[in-house]
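1. missing the sequence, but the structure's below:
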C-alpha cells in the first residue's frame, strides 16, 4: 500500500511538472517585413522541484539558440527565439506539453506589386498611395537593392536576370513581401545520348528558355557514386562512361533543375550460338578465350569458362535458353531454342514394333522422342500410299489407331507437330506382298475339262448310247468280289 501511494504521488508530480509552467508571452504575432527578429520568452517554474524543458517546432522559420535545459524550483528562465519574417506563416513553439502560437501576418501596407510575381530580366511596377515617396526593393537571394522614386504613385523597376527569389519592397516604414520568378522558370531541358556502350563518351548540352546556358551537372553512376561537371558558355560538357547500367544526370540552373537518366551497355563480345538445338544433342558455343559463359533457362543456370574459344553444352530440356558471355567490360547475349526430335513408331495388336504393313490389320501409330520414349504430342499425321495422300489424323495424346484398307507397295507417314518446339518426322514402310494369280492357267484348264465331259455326256444321251440318269437304278447295281490276278498282287 505504501509503495502504491509513493507511485501515485510520483505520477502526480510528473504530470504537474509537465503542465504547471508559466510562459510569457503565451503567443506572438508579427508581420512579414522581410527581416528576422529575436523574440524573448520567459518560462517560470512554480514547483518545489526542478523541471527539464524541451523546445521544438514544426516550422523551419523558427530557430532556437538552445532547445533543452533545466529550470530550478520556484525560478524562471528567459530564452531567445529567432523568427524569420520573410513570408507570412502560422506555427507553434512546443514547450514540453504546452505550446505558444507564432503568427507572421502579411503587412497591409497599401503597396501593390504588378505583376504579383514579376520575372527576373523584365520590368515590374510598384503602386503606393503616396505619389511622391522614395522606396527600395531588397532581393534576399542576391542582396541586390533597387532604389526607386514614385511619380504619381507609380514606379517602374527593371529587374536583372540574376535577381530572383524572395524580395521585399519598403516605402516610408511600410513593406510587403513578394517573389521574383526566374527568367527561365520551367524551360530547362537537356540534349544527351540515351544509350551508350561502356567506354564511349556522353555529350551533354543544357538549354534554358530555349538558349544554351552554363550549368552544373551532377552525374550519378550505377554504383551510386556521384561527381559534378560544369558546362561551358554553350551549355556543353562531356565525359566517358566506365560502368554499365543506369546513369543519372541532374542539371541545375538558377532555381530550376531537371533529372534524366541513360543506359550504358557493355561492349559486345564475340559470341556465336546456334539458333536451334536438339534435346540431348551437344551444342557448340563459340566465344573469346577466357570468357565466362552463363546459360540460363528459367530458374536453371549453367556456367562455363571458355578454355579455348568454344564451350560445349548438352541441353537437357526443350525450350528457350539465354546464353551470356562476359569478359572484362565486354558482354554479349544470345538465345538458343532447343527442340525435341521425334520418331514415328508402328505397333501391332501385341504391342510389337512392325516393319511391314498388312492391309486390314489395326496399327498403333505412336510419336516418340529420340530415345523412343512416348510423347504426348499434338499435331497431324498425314498418310500416303505409293505417294498418294489417303488419310489425315489429328493427334491429341501422341498416338492413334489406324487400319490400312487401301493396298499399296509403300506407305509413308508424316508427322507435323502443332508447336514450334517439336521437330517433324517421317517414316516409310512397305506392305506385305499380295499373291498374284493373274498368270496361273490351272483354273481355266480344270474348267475346260469339266465342260468337255459335260458335252460328251449330253451327246451320248442323245444317241441313246448312254441311258438317261432317270432310268438308271442305282439300287440294282452290285459289285462282285473277285480275286485279282497274281501278277497284280
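-> That came in fine, so what should we check first? This one's a predicted model, so the numbers in the text were calculated from it and none came from an experiment.
2. use CA for all of it now, contacts and neighbours both
-> Fine.
3. So what pairs up with the nearest residue to residue 244 once chain neighbours are set aside in the strands?
-> Counting by CA to CA, 6 or more residues apart in numbering, residue 264 is the residue found nearest to residue 244 once chain neighbours are left out, at 4.8 Å. Under DSSP bridges, the beta-bridge partners of residue 264 are residue 196, residue 245.
4. Next one, pLDDT for residue 264 please.
-> pLDDT recorded at residue 264 is 93.
5. is it true that it touches residue 195?
-> Yes: taking contacts as CA atoms under 8 Å, residue 264 lies within contact range of residue 195: 5.8 Å.
6. what domains does the record give for the protein?
-> 19-105, 112-180, 188-265, 271-339, 343-431 (automatic domain parsing).
7. looking at it, residue 302 is touching residue 294, isn't it?
-> Yes: Residue 302 lies in contact with residue 294 (CA under 8 Å); the separation is 5.8 Å.
8. More neighbours: these two, which one.
-> residue 294 (17 against 11; other CA atoms under 10 Å).
9. how near is the more buried one to residue 287?
-> 12 Å (CA to CA, to the nearest Å).
10. now residue 209
-> In terms of CA to CA, residue 209 sits 50 Å off from residue 287.
11. Where do the helices of the stretch 301-450 of the chain begin and end?
-> 442-462 (DSSP state H, counting those that start in this stretch).
12. ditto for the stretch 1-150 of the chain
-> Going by DSSP H, counting those that start in this stretch, the stretch 1-150 of the chain shows helices at 2-19.
13. what about it, any weak spots by pLDDT?
-> Applying pLDDT under 70 to the stretch 1-150 of the chain picks out residues 1-19, 33, 106-109.
14. how close does residue 152 sit to residue 173?
-> Residue 152 is 19 Å from residue 173, by CA to CA.
15. how many neighbours does residue 363 have?
-> Residue 363, neighbours per other CA under 10 Å, totals 22.
16. meant to ask about residue 352, not that
-> Neighbours of residue 352 using other CA under 10 Å come to 11.
17. coming back round to it: which of residue 209 and residue 287 has more residues huddled nearby?
-> Remark: of residue 209 and residue 287, residue 287 carries more neighbours, 22 against 13, as counted by other CA under 10 Å.
18. which residue packs closest to that one, ignoring adjacent ones?
-> residue 271 (4.6 Å).
19. about what we covered before: the domains of the chain into JSON lines, with extra columns for distance to residue 442?
-> Shown next, in JSON lines, are those (distance: least, CA to CA, whole Å):
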{"stretch": "domain 19-105", "distance to residue 442": "124"}
{"stretch": "domain 112-180", "distance to residue 442": "123"}
{"stretch": "domain 188-265", "distance to residue 442": "89"}
{"stretch": "domain 271-339", "distance to residue 442": "60"}
{"stretch": "domain 343-431", "distance to residue 442": "26"}
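20. So between residue 264 and residue 195, which is more surrounded?
-> Comparing residue 264 with residue 195 by other CA under 10 Å, the one with more neighbours is residue 264, at 22 against 15.
21. if I look at that one, how far off is residue 27?
-> 58 Å.
22. do the same with residue 223
-> With CA to CA as the criterion, residue 223 and residue 27 are 51 Å apart.
23. and those two? which has more neighbours close in?
-> Per other CA under 10 Å, whichever of residue 223 and residue 27 has more neighbours is residue 27, with 14 against 11.
24. so that one makes contact with residue 94?
-> No: Residue 27 sits out of contact with residue 94 when judged by CA under 8 Å, with a separation of 11.4 Å.
25. list residues touching both of the two?
-> Taking CA atoms under 8 Å, 6 or more residues apart in numbering as the contact rule, residue 27 and residue 94 both touch residue 100.
26. thinking again about what came up before, among the domains of the chain, which is nearest residue 444?
-> domain 343-431 (26.7 Å; CA to CA).
27. any idea of the mean pLDDT for the closest one?
-> pLDDT averaged over domain 343-431 gives 91.
28. likewise stretch 159-171?
-> Here the average pLDDT along stretch 159-171 is 87.
29. Could you tell me which residues within that stretch count as buried?
-> 159, 163-171 (16 or more other CA atoms under 10 Å).
30. picking that back up, hey, what's in contact with both of residue 294 and residue 287?
-> Counting by CA under 8 Å, 6+ apart, the residues touching both residue 294 and residue 287 are residue 325.
31. can you give me the strands for the stretch 301-450 of the chain?
-> 310-313, 319-327, 330-339, 343-347, 356-357, 363-368, 379-385, 388-395, 399-402, 410-417, 425-431 (DSSP state E, counting those that start in this stretch).
32. Quick one: closest of those strands to residue 138.
-> Going by CA to CA, the one of these nearest residue 138 is strand 330-339, 57.7 Å.
33. Can you spell out which helices and strands pack onto that closest one?
-> strand 271-272, strand 276-278, strand 319-327 (3 or more CA pairs under 8 Å, 6 or more residues apart in numbering; DSSP states H and E).
34. ok, residue 75 - contacts?
-> Residue 75 is in contact with 44-46, counting by CA under 8 Å, 6+ apart.
35. same deal with residue 337?
-> So residue 337 contacts 275-277, 318-321, 421 (CA under 8 Å, 6+ apart).
36. Which of the residues you listed ranks first by neighbour count?
-> residue 277 (23 neighbours).
37. what is that one paired to in the beta sheet?
-> Bridge pairing for residue 277 - DSSP bridges - gives residue 338.
38. Isn't it up against residue 285?
-> No: with contact defined as CA under 8 Å, residue 277 does not count as touching residue 285 (11.2 Å).
39. ok so, going back, make a markdown table from the contacts of residue 337 and add distance to residue 259 to it.
-> As requested, the contacts of residue 337 are exported to a markdown table (distance: CA to CA, whole Å):
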| residue | distance to residue 259 |
| --- | --- |
| 275 | 41 |
| 276 | 43 |
| 277 | 46 |
| 318 | 45 |
| 319 | 41 |
| 320 | 38 |
| 321 | 37 |
| 421 | 45 |
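40. Just give me how far stretch 202-218 sits from the chain centre.
-> Mean-position distance between stretch 202-218 and its chain equals 32 Å (CA atoms, centre = their mean, to the nearest Å).
41. quick one: buried residues of it?
-> 202, 204-208, 212-218.
42. In strands only, show me these.
-> 202, 204-208, 212, 216-218 (DSSP state E).
43. Could you dump the residues you listed into CSV with pLDDT and distance to residue 120 added?
-> Output for these, formatted as CSV (pLDDT from 0 to 100; distance: CA to CA, whole Å):
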residue, pLDDT, distance to residue 120
202, 96, 32
204, 95, 26
205, 93, 23
206, 91, 20
207, 87, 17
208, 82, 14
212, 87, 18
216, 91, 20
217, 94, 23
218, 95, 25
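44. any idea which of the residues you listed is the one closest to residue 409?
-> residue 202 (73.1 Å).
45. can you tell me the helix or strand for residue 269?
-> Assessed by DSSP states H and E, residue 269 sits outside every helix and strand.
46. list the contacts for it?
-> 287-288, 325-327, 330-332.
47. Please repeat the previous calculation with a cut-off of 10 Å.
-> 287-288, 291, 324-333 (CA atoms under 10 Å, 6 or more residues apart in numbering).
48. Can you get me a residue count around the residue nearest to residue 282 when sequence neighbours are not counted?
-> Distances taken as CA to CA, 6+ apart place residue 314 nearest to residue 282, at 4.3 Å, with adjacent residues excluded. Using other CA under 10 Å, residue 314 has 14 other residues around it.
49. Also residue 307?
-> By other CA under 10 Å, the burial measure for residue 307, its neighbour count, is 12.
50. and the gap between it and residue 217?
-> 44 Å.
51. now swap in residue 241 and tell me
-> In terms of CA to CA, residue 241 sits 15 Å off from residue 217.
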